[in-house]
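> Mind folding the following:
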Amino acid sequence: LLPSGQILVNADAETLKQVEQVLQAVRTKSVAAAPRVALRYWGVLGVGQTPAAKNVGSPPPAILNDVLSELRRVHGEAAFRVIGTAAVTTNSGQYGEVKGATLSVAQTVYVQGDTLNANVSMELAGQVPSPPQGPIVTGPFGNSNVPFGNLQLSTTLKRGEFVVLGENHVQAGQLDGPVFFIVPWEE
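Just a heads-up that it's a prediction; the model follows:
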């Protein structure tokens with residue numbers, strides 16, 4: 001290695017020809033940029049039909065209708081409320097995280113064509129208001145209180161697929177129901 005950063009190859013003529021062929025192949029091969037992946041995560045609470053339960057969180061967006069229909073089929077009739085959502089965008093192979101008032105997510109994703117391998121860590125916590133009674137549950141991030149739920153996993157998603165990553169049960173104050181951790185890899 002020369003001080004200029006160049007590599008000096010001291011070899012016979014045939015070996016030097018082979019080195020030149022390798023260098024030429026490297027020059028003509030372009031490297032594609034790593035694909036960018038944007039994932040939106042949802043913490044959805046299955047609530048009863050009481051008026052107080054309907055004041056928790058916010059109504060789910062239409063994009064979750066098919067997933068929630070399937071959850072109703074499996075778990076029975078329920079209303080659903082979004083109690084946390086977060087989005088993280090990273091390049092394939094890169095780590096990224098976002099910490100929010102109710103949902104924190106960390107991800108490392110690897111794209112291989114229409115398959116996404118994801119290492120995900122989620123924590124659902126914070127304060128969910130229920131007017132007019134005030135806060136029902138407080139579980140801020142940090143070490144002081146227990147969160148609504150968290151998960152760590154590795155999974156595979158297909159493009160256009162929604163996956164329920166996990167389920168937990170919350171029972172605190174007037175909150176009593178299953179919490180679902182949902183992520184789609186949108187097309």
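
> quick one: the strands in the chain?
Applying DSSP state E to the chain gives strands spanning 36-47, 79-91, 95-99, 103-112, 115-124, 126-130, 134-139, 149-158, 162-172, 175-184.

> Turn those into TSV, columns for distance to R73, mean neighbour count and mean pLDDT.
To be clear about C-beta, it is placed using only N, CA and C from the backbone, and glycine gets the same treatment. Converted to TSV, the strands of the chain look like this (distance: least, Cβ to Cβ, whole Å; neighbours: other Cβ atoms under 10 Å; pLDDT from 0 to 100):
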stretch	distance to R73	mean neighbour count	mean pLDDT
strand 36-47	13	21	91
strand 79-91	13	19	92
strand 95-99	31	13	94
strand 103-112	25	20	94
strand 115-124	23	20	93
strand 126-130	26	19	52
strand 134-139	28	16	40
strand 149-158	21	14	90
strand 162-172	12	16	84
strand 175-184	13	21	86
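
> Rebuild those strands as CSV, extending it with distance to L2.
Converted to CSV, those look like this (distance: least, Cβ to Cβ, whole Å):
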stretch, distance to L2
strand 36-47, 38
strand 79-91, 34
strand 95-99, 36
strand 103-112, 37
strand 115-124, 41
strand 126-130, 58
strand 134-139, 60
strand 149-158, 44
strand 162-172, 52
strand 175-184, 50
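
> Nearest to Q6, out of these?
Smallest distance to Q6 across the strands of the chain (Cβ to Cβ): 30.9 Å, for strand 79-91.

> Return the list of helices and strands in contact with the closest one.
strand 36-47, helix 51-54, strand 95-99, strand 103-112 (3 or more Cβ pairs under 8 Å, 6 or more residues apart in numbering; DSSP states H and E).

> Try it again at 6 Å.
strand 36-47, strand 95-99, strand 103-112 (3 or more Cβ pairs under 6 Å, 6 or more residues apart in numbering; DSSP states H and E).

> which helix in this protein runs the most residues?
Using DSSP state H, we find that the single longest helix of the chain is helix 13-28.
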